[in-house]
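# What follows is a protein structure lacking sequence information:
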């Protein structure tokens, strides 16, 4: 909800079937995020992004996911980052 997005060019790595990660991946289950992350923490995490900030979306809070910069660094042999986009809006059910 508050992370960056990237436009990338694939490098054609055959060992990865010419594919790459399409997201950061979770470090917390949805249940764990709802239990561990307070509404105030969630509000701070998404500050500057137009989005819902209620208890029903805490399972999507940024801290429930792996740090995107580390994920991108780990796949530097798979993609070339062309553009980095700053999230300004996020629509969740």
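Ah, there it is. Here the structure is a predicted model, which is why all the values come from computation and not from measurement.
# could you pull out the strands for this protein?
Taking DSSP state E to define them, one finds strands in the chain at 5-10, 79-85.
# Between those, which one is closest to residue 65.
Among the strands of the chain, strand 5-10 comes nearest to residue 65, with 12.6 Å by C-beta to C-beta. Where C-beta positions appear, they are placed from N, C-alpha and C, glycine not excepted.
# Can you point out the buried residues in that closest one?
For strand 5-10, the neighbour count (16 or more other C-beta atoms under 10 Å) marks residue 8 as buried.
# ok, residue 5 - contacts?
The contact partners of residue 5, by C-beta atoms under 8 Å, 6 or more residues apart in numbering, come to 84, 85, 87.
# Name only those of those residues that count as buried.
Neighbour-count burial within these applies to residue 87; the criterion is 16+ other C-beta under 10 Å.
# Closest one of the contacts of residue 5 to residue 53?
Proximity of the contacts of residue 5 to residue 53 was ranked by C-beta to C-beta; the top entry is residue 87 with 14.0 Å.
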